[in-house]
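[1] Predicted model, plus sequence, below.
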Amino acid sequence: MTDFGFHLSKSSQLDLSRVDRERLNRLYELEPGARICMTCGSCGATCMAAPYSGMSVRKMLLHIERGLDVKPLLSKCMLCGKCTMVCPRGINTRNLILNVCKLYD
Amino acid sequence: MKENVVIIGGGVAGMEAAKQLLTLGYNPVIVERSAQLGGHVAGWHKLFPDMSSAQELVKGLRRDIAEANVFLETRLNSLQRTKSVYTVELNNGVRLTSRAVLIASGFELFDASKKEEYGYGVYDHVITNADLEAWMNGREDNRIPAQPQSIGFVHCVGSRDLKAGNSQCSKVCCTTAIKQAIELKERFPEAEVYCFYMDLRLFGKKYEDFYINAQRDFGVHFIRGRVSEVGETIDGRLQIKAEDTLLGKPLKVQLDLLVLMSGMVCNPIAKQLADKIRLQIDSDGFLKSRDNIAAIGESNQPGIFYAGACTGTKTVPETLAEARAAALSIHTYLMNQ
Amino acid sequence: MIDRIPSGFHPFVIPFLAGMSFVFLYCILGVVKIIYELSWAERRKLFLSLINPKYIYKNLRDIFLDCLIHVKLWKRNKLLGYMHSSIAFGWFMLIVLGHLEVFLFVPGRINLFYYPIFFNYFVAEDAVTLRGSLLFFLMDFFLVIVLSGIILAMIKRISSRLFGMRRTTRPSVMNNIGLYALWAIFPLRWLAESFTAHISGGSFLTVPANYLFREFLGNDLNMLPTWWAYSIALGVFMFVLPFSRYMHIPAEMLLIPMRNAGLKIRSARKGFARVQVLSCPNCGVCIDACPMTVNRGNVKDCTVYLTRQIRRNNERRIDEISDKCLMCGKCEALCQVGVEGPNLRLMQRATRSYRISPDFRDIDTEPMIAAAQGSKVLYFAGCMSRLTPVIPESVLSVMKKAGVDCTWMDRDDALCCGRPLFTAGRIEEAKQLVAKNEEIIIRSGADTLLVSCPICYKMFLENYHLPGIRVVNYIPYMYDLVKQGRLTLRKSDVCYVYHDPCELGRGCGIYDEPRKLLGRAAAIAEADKNKVESICCGGSLGSLSLNFQQRERMTKAALDNLYTSRADAIATACPLCKATFARYSDRPVHDMAEIIDART
């Protein structure tokens, strides 16, 4: 790409109409627990990857639901399962993560 | 001869109901498992929102029910119904008959050691909300340091937690945490106090004012994120991990004292009673009212009434109001029979 | 004994002949295909083992003991053992003795391979000899043995509970055809041989039957139809064999040398995996063994159904079954054939393609290396232990009391051992974590890696290369300290039941040390199912798809098993078991470290 010496800053406004609903619904189907997150942050608190990539299942889900890129977050997930253990809603976070890795890029 | 009404549980609900029943001309008989009246409130120091004394409240109620029959350190051996009369057998050999029984067995504090990740009973400086109240009432507690520099509160311990078997919100912990944060800040003005919450549910009269006070006058820090790990550093300080969910960043902080806001679960006695006389248990594990809106103080059995936290998490004013309402319901029921 | 039919042939042998040729051809092609699917190194390993006398002896011994005598089954259940070995060994002896008869009496016919099967039809008894009578006696004897096995099999089909099996497999159509053909073969053989017993001779079973039949029927008209029926039953069985569970008979004979040669499952379907799948006899022992089948749930997710679905190429079900499994290893431990159910699933999981893959290579390990240095003993608690802080705290406390200088490797920032990624089939990603941790451990300067989490321990043992470093689980380590007198235990009155964690027991074979160690600190009671039969707590990271509610039932069933001991408290040695049990247990659940710490 030609460097014009300046760049346009991207809008930081979320646009919910651009969320891929079909893919999101497929994810909900594969892991119904994804619907019941109450965003308490337990997963992010205990996450082994959080210090490296800022990973948190809560954040990953919100990114997906708002149409944002999740790849950087997942780049250090070790699938250790601590998030599953601490989740007060009993979400199968590992199944969720594996399915996100399958469906999203 | 005045008619007996058996009240199971001598907490504020049982006492308040007894007081009203005395006025209505009955002979309330309180059966209490512990050695004193007042239940959980008797162990509390001050009550929100006006910081009134819990001891004064209990004392007042005790005075008011001086004429009632009270069996302390007593348990129910059996509870049976024949037609419209209940026969209650106590473990001290006393046998009572009564056409109406009020269940005011209340709640039990969630056992914080079940949430192993919080290290209650493992680390030296982890206590519960009840421990803190007892200390404020004058009980020695060497888990509380003489000069803490930093104190943390964990909201929702065992509440809103399917893993702990409780899906319900315990209602009072948010406000209690703010109250206790202010109280600790008054004793240790130098300490930084952090409240880790999932959601702040400050629904009651003047609760929001409490929140503003804590922020403005006491500098309490509120962090939206549930703590999920407690550890100890090499030099023996507590270190907790949470996620600052508003910023989306993992967070850790070293503390000298951690207070766990243990939630309410239904008193197991209520479940034993339910088995004896076939009362229903609601999906949240508490006793099921005949109707959760119109008849919260009534059970599915004629003559069995409920008051207070046996049907769900309640604040003290809610409990007292229910106790009064139950007394009146019992009166109406007995008059119409 | 002389030839009765000059041509040595009768058309009734055709069904058997066709069936037998079919099976032969099928098996030979199958073996070629499987050998072709092996890697070059595996093929070399296999062929070298096949010419090594030590392996030849081992293979023959294993085939004899496992395939014919069913020793493992005998150990588990005598009735089932007898049923299987009577049919397998009895049939084998009938074939061997049949060949012996041909060889001794009509050696010219030994090249006709149907002759030993239908010997009694083709010969006439010219003189009664001791040798002949003995052979005839043995033939009848083994026929009785086989028939008794068939009768037991019929009873088992009606009521498997009598055989100690609560649930058995639902047979497929092919399995049913094979089953009924198999049941028919031996009664028909007995009838056929009885009808010809006055010509060919016979013994205690066939001769009296011959008198009886001839007394009633008065002619020999039934002779040929019964021989036809016998041959057809054999033919049907042979034709169905490759498509039914009876394929396990030839497949197991390949499985044993391959396993003895040290082959491992490396692919989901090919090579050694194919042999494993074909070797599954569909007995259904894994159904009762599986912790997921509590309350009749998930029966169709057991290993026996995995092998069936793999044979049918039902991809959807293969994926479901592979993802659901807790990987506790009990089905494999109890399997009579040794079908590696968890490994088959693992390889299936490894076939998945992901659009996002983690990459750990750029993680800076320097701070972790610095934190790990300082002692000869390096302690790794594992991720999960941070949620049960009492475990690492107790381990460190015990080490302090014993005077062991020990550094906690993962007190602060740390990396996962890699086993969760590994069991999820993301093997390459797991290897990156392994490499990182290897670097930390080797550069720490320690000579011992002390591990309290059995999940990590298994990973360190099997997937790490740590030259010069002893990897040791905390239980044997503590037991050694006790034996050396560096720890003194005071025995308490509390009675514990010890729960064997899957990864420590079946996974690493550590069953005795925990009991010996615990025995010095408290009284011990045993649960109904223990050691190799221990029931998974339900919290296993092995399962990818089981949710919290589904696991709850499994945990409660595992607890019910522990309650059978009537112990006051539960002892275990895994952070996951402890956290999972503590959620529902009506009595205290303690980690071994906690108990030892409290009693020293």
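    Done, it's in.

[2] Run through who's touching stretch C:191-204.
    C:1, C:4, C:119-121, C:123-125, C:128, C:132-133, C:136-137, C:139-141, C:143, C:205-207, C:209-210, C:213-214, C:220, C:222-223, C:226-227, C:229-230 (Cβ atoms under 8 Å, 6 or more residues apart in numbering or on different chains). Just so you know, the C-beta spots here come from the backbone N, C-alpha and C atoms, and that holds for glycine as well.

[3] So which bits of that stretch are buried?
    C:191-203 (16 or more other Cβ atoms under 10 Å in any protein chain shown).

[4] and the residues you listed, which of them are in strands?
    Using DSSP state E, the subset of those located in strands is empty.

[5] of those, closest to chain B?
    Minimum distance to chain B across these is 64.3 Å, recorded for C:Leu191 (Cβ to the nearest Cβ).

[6] Pick out the most distant pair among the buried residues of stretch C:191-204.
    Spatial extent of these (Cβ to Cβ) is set by the pair C:Leu191 and C:Gly201 at 16.4 Å.

[7] how is chain C carved up into domains?
    C:11-247, C:264-349, C:366-480, C:489-598 (automatic domain parsing).

[8] need those domains in TSV with distance to B:Leu202 and mean pLDDT, can you?
    Below are the domains of chain C laid out as TSV (distance: least, Cβ to Cβ, whole Å; pLDDT from 0 to 100):
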stretch	distance to B:Leu202	mean pLDDT
domain C:11-247	54	90
domain C:264-349	43	93
domain C:366-480	30	95
domain C:489-598	30	95
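
[9] Reformat those as TSV; add distance to B:Gln80.
    Shown next, in TSV, are the domains of chain C (distance: least, Cβ to Cβ, whole Å):
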stretch	distance to B:Gln80
domain C:11-247	41
domain C:264-349	35
domain C:366-480	45
domain C:489-598	27
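
[10] list the buried ones in stretch C:484-500?
    So for stretch C:484-500, counting by 16+ other Cβ under 10 Å, buried means C:Leu487, C:Leu489, C:Val494, C:Tyr496, C:Val497, C:Tyr498, C:His499, C:Asp500.

[11] To which secondary structure element type does the fifth one belong?
    Okay, so that is C:Val497. Following DSSP: H, G, I helix; E, B strand; the rest coil, C:Val497 is assigned to strand.

[12] and it, bridged to which residues?
    Bridge pairing for C:Val497 (DSSP bridges) gives the partners C:Ala525, C:Ile570.

[13] quick one, what contacts it?
    Counted by Cβ under 8 Å, 6+ apart, C:Val497 has contacts C:Ile524, C:Ala525, C:Glu526, C:Ala527, C:Leu562, C:Ser565, C:Ala567, C:Ala569, C:Ile570, C:Ala571.

[14] For chain C, what lies in contact range of chain A?
    By Cβ under 8 Å from any Cβ of the partner chain, the residues of chain C that approach chain A are C:323, C:352-360, C:363, C:383-384, C:386-387, C:413-416, C:418, C:420-421, C:424, C:426, C:433, C:539, C:541, C:544-549, C:576, C:579.

[15] To clarify, my last question referred to chain B.
    So chain B meets chain A at B:117, B:156, B:160-164, B:198, B:224-229, B:241-245, B:248-251 (Cβ under 8 Å from any Cβ).

[16] List the ones among these that fall in strands.
    Counting by DSSP E, those place B:Cys156, B:Arg224, B:Glu229, B:Lys241, B:Ala242, B:Glu243, B:Asp244, B:Lys249, B:Pro250, B:Leu251 in strands.

[17] pLDDT wise, what is the fourth one at?
    The reference is to B:Lys241. Note on B:Lys241: pLDDT of 94.

[18] And the last one, by the same measure?
    Looking at B:Leu251, its pLDDT stands at 94.

[19] Leaving out chain neighbours, which residue sits closest to it?
    B:Asp244 (4.7 Å; Cβ to Cβ, 6 or more residues apart in numbering or on different chains).

[20] Surely that neighbour and B:Arg226 touch.
    No: using Cβ atoms under 8 Å, B:Asp244 is not in contact with B:Arg226; the gap is 11.2 Å.
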